[in-house]
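Visitor: sequence first, then the predicted structure:
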Amino acid sequence: MSPGGAPPGWTELPLRGRLLVASTKLGDPNFERTVILVLDHGEEGALGVVLNRPTLVPVDEILDTWAAQASMARPDVIFRGGPVSPDAVIGLARAPATATDAGQWRSVVDAVGIVDLAVPPDAQPMVPEGARLFSGYAGWAADQLEGELAEGAWFVVDALGDDVFCSEPEQLWHDVVRRQRGALKMLATYPPNPSMN
C-alpha cells in the first residue's frame, strides 16, 4: 500500500506496543469505541487486549494472589480483553524503575509488560508495581489486521504506559483520540450515537 493511501498512523512495521483505536467505520459491536494495546504482531497475525472494557468482577474473585497488585491499578476488576478465549487471563504489570529489559523484564510499552500470572507477584524476577488482568483477547489471522487497517476500521497511534492503567477506562477512547493531532483529534467530539447530535 502506498504511503498516500495508508490510514493515519499505519505502518508496515510490527505494531507491538501501539494502540488500535476503533474508528467510526468499525461495524463490530465487540469493538465499538475500543482501545486495544497490541501485544504481538507478525507474519502469523496479531494479538492485543481491549484496555477500556472493565467488568464488575473483582480480581480477588478470579486470582486472589494478584489482588494486591490490581488494587494499585484501580479499578481493580477483571477487564474484558476481547472475544477470543474468554476463559484465558492475560496480565499486564508495571515494572519498578529498577527493572530492565535485560533478563528481568520485556516491556510492551514504557515499563508495562506481560506477566506470568501463574507466578505470584513476590516470586517474579521483579515485584510489579501494579497489574491489570484481562479475560480473553482480540486476535487477527495473518493479514487480517492489515486488511482492517486498509479499510479504515482502526487508527494506529502511540501508546503510553498510563493508558493500560487509566483510572477511568470508559473515557480512554475519548482521551486517546483527543491527544492526537490534526483531523483525528476532532473525532473526540463525535457522539457515541450520531442521531443524538
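Guide: In hand now; what should we look at? Numbering: from 1, shown residues only.

Visitor: buried residues, stretch 147-158. List them.
Guide: Neighbour-count burial for stretch 147-158 flags 148-149, 153-157 (criterion: 16 or more other Cβ atoms under 10 Å). From N, CA and C alone the C-beta is placed, and that goes for glycine too.

Visitor: pretty sure Ala70 is in a strand, no?
Guide: No. Per DSSP: H, G, I helix; E, B strand; the rest coil, Ala70 lies outside any strand segment and is helix.

Visitor: tally of neighbours for it?
Guide: By the measure other Cβ atoms under 10 Å, the count of residues near Ala70 is 23.

Visitor: so which of the buried residues of stretch 147-158 belong to helices?
Guide: Among the buried residues of stretch 147-158, the members falling in helices (DSSP state H) are 148-149.

Visitor: among the buried residues of stretch 147-158, which ones are in strands?
Guide: Residues of the buried residues of stretch 147-158 located in strands (DSSP state E): 154-157.

Visitor: those residues: which two are farthest apart?
Guide: Trp154 and Val157 (9.6 Å; Cβ to Cβ).

Visitor: common neighbours of these two, please.
Guide: Here Trp154 and Val157 share the contacting residues Val21, scored by Cβ atoms under 8 Å, 6 or more residues apart in numbering.

Visitor: shaky segments in the chain?
Guide: 1-13, 98-105, 185-197 (pLDDT under 70).

Visitor: now do the closest residue to Ile78 other than its chain neighbours against Phe134, distance only.
Guide: Take Ile78 and drop its neighbours on the chain: the residue closest to it by Cβ to Cβ, 6 or more residues apart in numbering is Val57, 4.5 Å away. According to Cβ to Cβ, to the nearest Å, Val57 and Phe134 sit 12 Å apart.

Visitor: shared neighbours, the two?
Guide: Counting by Cβ under 8 Å, 6+ apart, the residues touching both Val57 and Phe134 are Ile78.

Visitor: which one of these two has more residues nearby?
Guide: Using other Cβ under 10 Å as the criterion, Val57 and Phe134 rank with Phe134 on top: 26 against 14.

Visitor: buried residues of the helix or strand encompassing the more buried one, list them for me.
Guide: Counting by DSSP states H and E, the element that carries Phe134 is strand 131-141. Within strand 131-141, the residues that count as buried by 16+ other Cβ under 10 Å are 131-140.

Visitor: how about these in a markdown table, adding distance to Leu20?
Guide: Formatted as a markdown table, the buried residues of strand 131-141 follow (distance: Cβ to Cβ, whole Å):
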| residue | distance to Leu20 |
| --- | --- |
| Ala131 | 22 |
| Arg132 | 17 |
| Leu133 | 20 |
| Phe134 | 15 |
| Ser135 | 19 |
| Gly136 | 16 |
| Tyr137 | 12 |
| Ala138 | 8 |
| Gly139 | 12 |
| Trp140 | 10 |
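
Visitor: does the most centrally placed residue in the chain sit in a helix or strand, and which one?
Guide: Geometric centre of the chain, nearest residue: Leu37, 2.6 Å, by Cα atoms, centre = their mean. Using DSSP H and E, Leu37 sits within strand 35-42.
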